[in-house]
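>>> Next input, structure requested:
(2 chains)
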Amino acid sequence: MESGATALKRFRSLTMGGMTLPDYGFYVISAAAVVLLAGEAVANPTAFVQITVFGVADGAMYALVALGYTMVYGIIELINFAHGDVFTMGAYISGAILGAFSINENSFTAVNLVALVIVFPMVMLFMGAINITIERIAYRPLRNAPRLAPLITAIGMSFVLEGIMFMWKGPASIHFPDILPHGPGFQTTIYGVFVGFKDVFVVVTAIFLVALLAIFINRTRLGKAMRATAQDRDAAQLMGIDINRTIAATFFIGALLAGAGGMIWGLYYNNIFYNLGFRTGLVAFTAAVFGGIGNIPGAAIGGLLIGLIAAYSDSYVGSKWTEIVIFGILIGVLVFRPTGLLGMRVPEK
Amino acid sequence: MVRARGLTVLIAATVVAFACGSTSGGPSGSKGTIKIGSDLPVCTTGGQATANGVKFAVDQKNAAGGVNGYTILYQSFDDCRQGAYSADAGVENVQSMLGDSKFLGMVGPYNSAVAKAEIPIAAPQHFVMISPANTNPCLTKEVKPPIPACTFHAADLRNGNPNNYWRVVTTDDYQGPAMADYFYKTLSIHDVGIIDDSTVYGVGIAGAFEAEFKNLGGTVAGHSEYQKATTSDWKSILLNLKNAGAQAVYAGGTDDQNICIPRKQMKDIGWNAPYGGGDGIETTNCIDQAAGNELNMYSTSAGADATKIPGAKSTIDAFKKAFPGPNDFGGYTMQAYDAANALMAAIGRSINDANGGMPTREQVRAEMAKTKGFVGVIGTYDFDQNGDTTLKIVSIYLIQQVSDPSQSTGVCGSKATTLCYVWKDQVNYASS
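Numbering: from 1, shown residues only, chains lettered A, B, ... in the order given. The predicted structure is shown next:
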């Protein structure tokens, strides 16, 4: 009686015409989905473009959170379950600080702009600091423990963060100040497709932040150190890289993005609740796996694609099915193509 | 010898303490205490406002000498978990009350899903439940077509026990159609999109609305369900409805399931259309959720508006004096007041049945079933053998800008304090 692992290995190594069977499965399913989608697009192009617009905005936010998951996994092979709650806390903290300004929710005033410009970097740095602290007290002591230990700690930390937000603002959903320009004058209909300033803002900001990340990773010393540590921790240490500092920096940068993502989510939806991060984190993690865990461009692409898939599923399949679709993708990727779309980047053994 | 003396003193002290304890909390000469409880989602503004109604009734009764010489002790139980009503929490609360023999009845619950879980537990103990707000019809009766058939049945909930459940409000098989009639005939809306929050109440009332709306000849552009835990964005749903030709949206659900956030998002997508719902949206939390798009929202309430009943004004004024906070008075405060008074009246009659002694729960239940011609703040009514009120009035409210919020009997927003539900119309189904 074969064990499941052996059976899976055998399944994965079956080849047919040069490509493994699992890869075939992956491509066939993807092709079928694309064909069905194309059918819908042709049938009602305006609706298709509209859904795509919303999907891209959602995807941008998932991408920002997915990047944090992928970077941490890439460097210490930990699924940081608390990351979704770092994202939510970013929304909570930015909402609280914005409340201190005399912002106007009905028109875009100079105070709104000033508040936006000040609070954005503030909340990013704040969440970065919080994440470094979490890493220091919860994960670093367990760095050489069996892999299950930091995983469970991360789950526990997730509940601790949710509990803190629950006690702070209560269980009901909270209104996040609507300070971005909105309403007539800041929205338009192009060939029947509704696009608002907020949709554009989300995408542009996300692209900007991801671009900054790319420059950082590829052009700075610390970025190089992060890539080296992710590739081979011992060799990096031999080359004189301070591992603790590098890992802390990874958590810091992941939280910068998640904190920004949280604030963007709040600005876009104007409604947050204490366990928003639970589902958002799981979806973002799925996106990171989909793109290739540990792979930074993969996480960004994965986030975007998951956002689009969720939007298409909501409209074309039915919103009741969307959870099944998204997490079905997670299972499908792990079974058929565990390296994800762009390939994994995990430490060499 | 010293030890025996010490023991005697101890026993004497204990006896005295017990003797004093049995009459504590009441005026001297009170025959004892009877407890009534309420099981309401007091973590929400609406739930707390409802509990205030019970407390007001009990305080008034005690100040007037209690019920046949007994002081009523009122305990408010919270059936919230994580910010929303929970059937499990409700069941635990009822079990607490059942375990304490001094509890002879309760006002509540507020949510139909909680009642569905509580009735089977309370019925075998003949424990009286009077709800100020449950509107799902299947809790007491079967529905008639075209309303979709009940997925659970009143008889099964009671499981052979005599009826122990009453309500002072009418049911969704009237509430949903009332809004359907109002949309179709009064507002001339012939194409509507429907969303519901997947709960017992939301699905029920949205289904009743849809059935009546189609019966009148209207078109339903779409009917979408959502789940609170996984939905932040209703824009796709709303755009689909708008593009399918909907002229308005009907929302079946409660504010703790975020039913009014889609209203706000309608503004984000530039869709200017009326938004209707049941009593679940006639709340302060809902007005808050609609942030910026409150006007042009309609709701129904499963009962008459208290301002339409002569004689209710003095009670409302007295209440507002005792509870002066801006959100202390809610859509079900007066219903809870009536429910508490109906319960206390039944307890009073059952004390007579028990010849002045402490009545049993069955005696209270039997007396409750005999309630006739009850004069309440929301009207004068009987209860039928199913536990339903004979008052079948549905009121319709519209959110408007109000100059003096304290004069409005509909609820107002907590930040937008001048945006309140204002009574527009009522429909009386008793004659049909």
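
>>> Assign the closest residue in space to A:Leu98 that isn't next to it in sequence to helix, strand or coil.
Nearest residue to A:Leu98 in three dimensions, chain neighbours excluded: A:Pro177, at 4.7 Å (C-beta to C-beta, 6 or more residues apart in numbering or on different chains). In short, each C-beta sits where N, CA and C put it, glycine included. The three-state label given to A:Pro177 by DSSP: H, G, I helix; E, B strand; the rest coil is coil.

>>> So what are the structural domains in the chain, by residue number?
You didn't say which chain, so I picked chain A. Following automatic domain parsing, one gets these domains for chain A: A:1-43, A:44-336.

>>> actually it's chain B I care about, not the one you picked
Chain B is divided into the following domains under automatic domain parsing: B:31-170+B:310-381, B:173-301+B:394-431.

>>> Any part of the shortest one near chain A?
Going back to what we said before, that points to domain B:173-301+B:394-431. Yes: Domain B:173-301+B:394-431 lies within reach of chain A by C-beta under 8 Å from any C-beta of the partner chain, at B:224-226, B:229-233, B:235-237, B:239-240, B:243, B:256, B:258, B:261, B:264, B:267-270, B:285, B:288-289, B:291-292.

>>> Show me which of these are buried.
B:224-226, B:231-233, B:235-237, B:239-240, B:243, B:256, B:258, B:261, B:264, B:267-270, B:285, B:288-289, B:291-292 (16 or more other C-beta atoms under 10 Å in any protein chain shown).

>>> Around chain B, which positions in the stretch 51-200 of chain A sit nearby?
Contact residues, the stretch 51-200 of chain A versus chain B (C-beta under 8 Å from any C-beta): A:51, A:54, A:58, A:105-106, A:166, A:170-173, A:175, A:178, A:182-184, A:187, A:189, A:194, A:196, A:198.

>>> Now with 10 Å, please.
Contact residues, the stretch 51-200 of chain A versus chain B (C-beta under 10 Å from any C-beta of the partner chain): A:51, A:53-55, A:57-58, A:105-106, A:166, A:170-178, A:182-184, A:187-189, A:192-194, A:196, A:198-199.

>>> Restricted to buried residues, select the residues you listed in ChimeraX.
To isolate the buried members of these in ChimeraX, using 16+ other C-beta under 10 Å:
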select /A:51,53,54,55,57,58,105,166,171,172,173,174,175,176,177,178,182,183,187,193,194,196,198,199
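
>>> Confirm that B:Glu298 sits in a strand.
Small correction: residue B:298 is Tyr, not Glu. Yes: B:Tyr298 sits within a strand when classified using three-state DSSP.

>>> any idea how far it is from A:Thr88?
Noted for B:Tyr298: a distance of 34 Å to A:Thr88, by C-beta to C-beta, to the nearest Å.

>>> tell me the contacts of whichever residue of chain A sits closest to chain B?
Nearest residue of chain A to chain B, counting by C-beta to the nearest C-beta: A:Pro171, 2.7 Å away. Counting by C-beta atoms under 10 Å, 6 or more residues apart in numbering or on different chains, A:Pro171 touches A:Met165, A:Phe273, A:Tyr274, A:Asn275, B:Cys43, B:Cys80, B:Arg81, B:Gln82, B:Gly83, B:Ala84, B:Asp256.

>>> next one: A:Ala249
A:Ala249 neighbours (C-beta under 10 Å, 6+ apart): A:Met71, A:Ile75, A:Gly128, A:Ile132, A:Phe216, A:Leu222, A:Gly223, A:Ala225, A:Met226, A:Thr229, A:Asp242.

>>> Next, work out how far apart the residue of the stretch 201-350 of chain B found nearest chain A and A:Val34 are.
Among all residues of the stretch 201-350 of chain B, B:Ser236 sits closest to chain A, at 4.8 Å; criterion: C-beta to the nearest C-beta. As judged by C-beta to C-beta, B:Ser236 and A:Val34 stand 20 Å apart.

>>> Show me which residues of the longest helix along chain A are buried.
Looking across chain A with DSSP state H, the single longest helix is helix A:45-76. Of the residues in helix A:45-76, A:47-76 count as buried by neighbour count, 16+ other C-beta under 10 Å.

>>> Whatever helix or strand comes next after it - contacts with which helices or strands?
Sequence order places helix A:83-100 as the next helix or strand after helix A:45-76, per DSSP states H and E. Counting contacts by 3 or more C-beta pairs under 10 Å, 6 or more residues apart in numbering or on different chains; DSSP states H and E, helix A:83-100 packs against helix A:45-76, helix A:110-134, helix A:148-169, strand A:174-175, helix A:243-269, strand A:271-272, helix A:276-291.
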